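# Sharing a model prediction with you, sequence too.
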Amino acid sequence: MRFRDRISLAWRHYKLRQRVFVQRIENFELTAKRSEMLAREAAKREGRPQTPFEHLVAEAIDELPDEFRAALGEIPVVVSDGGVERRAYGLYEGDTIARDNWADRILIFQDTLERDFGHNVELLRAQVQRTVRHELAHHLGWDEDGVRELGL
């Protein structure tokens, strides 16, 4: 096999692998979105009341100015217990409002927030609000330094 043919074959193999990788990521994101949606719908159908922590997150979203609440749009805000592993109070996953290549979502980590601020409801409320705003700022395009400059 000529060198030129081997390069062409390698290039086609690389592009095929890249396409499969992108499809796997897209399938994973679709599955994650669907599972979050089903969980929310199941909670609504069951009439399960919000936990006190979920209520704090909902309050933080409701207290946002209208234009920022609108920017959240269809982005799921998920309460999670994965904060200890990530050493974080919240996490924005996505590629900002300016792009639409990845599914967006905001995770608010109940475990770390309650661990550090749960001894005082007002401190916890303030930190939940700050965390929601911090992750929303990432969605709007600010990097970590920019978010810190905003005081978040």
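Thanks, I have the structure now.
# Could you use CA atoms for every contact and neighbour count after this?
Will do.
# mean confidence score for the strand or helix carrying residue 106?
Using DSSP states H and E, residue 106 maps to strand 105-109. When pLDDT is averaged along strand 105-109, the result is 92.
# Each with direction, which strands does it pair with?
Strand 105-109 has the following strand partners under DSSP bridges: strand 77-80 (parallel), strand 90-93 (antiparallel).
# Sort out which residues of the first one are buried, please.
By neighbour count with 16 or more other CA atoms under 10 Å, strand 77-80 contains the buried residues 77-79.
# In terms of secondary structure, what does whatever helix or strand comes next after the strand holding residue 106 contact?
Under the assignment DSSP H and E, the closest C-terminal helix or strand after strand 105-109 is helix 110-117. Counting contacts by 3 or more CA pairs under 8 Å, 6 or more residues apart in numbering; DSSP states H and E, helix 110-117 is packed against strand 77-80, helix 83-86, helix 121-139.
# now these in CSV, with mean pLDDT?
CSV is the format used below for those (pLDDT from 0 to 100):
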stretch, mean pLDDT
strand 77-80, 90
helix 83-86, 89
helix 121-139, 94
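# just for this structure, where's the confidence low?
Residues of the chain meeting the criterion pLDDT under 70: 1, 4-29, 32-33, 35-36, 38-48, 97-101, 152.
# repeat that for 90
For the chain, applying pLDDT under 90 flags the ranges 1-51, 54-55, 58, 65-78, 80-82, 85-86, 93-105, 137-152.
# coming back round to it: could you single out the nearest of the buried residues of strand 77-80 to residue 95?
Of all these, residue 95 sits closest to residue 77, with 15.4 Å by CA to CA.
# thought the closest one was touching residue 109?
No. Taking CA atoms under 8 Å as the definition, residue 77 is not a contact partner of residue 109, at 10.6 Å.
# shouldn't residue 60 be in contact with residue 129?
Yes. If you go by CA under 8 Å, residue 60 and residue 129 touch, sitting 4.7 Å apart.
# Now do the domain split for the chain, please.
Taking automatic domain parsing as the criterion, the chain consists of the domains 1-47, 49-152.
# thinking again about what came up before, using CSV, write out every CA atom in the strand holding residue 106.
C-alpha atoms of strand 105-109 as CSV (Å, rounded to 0.1, in the frame of the first residue of the first chain):
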residue,chain,number,x,y,z
ARG,A,105,-27.6,22.7,33.0
ILE,A,106,-26.9,24.1,36.4
LEU,A,107,-26.2,21.9,39.3
ILE,A,108,-26.6,23.2,42.8
PHE,A,109,-24.9,21.0,45.3
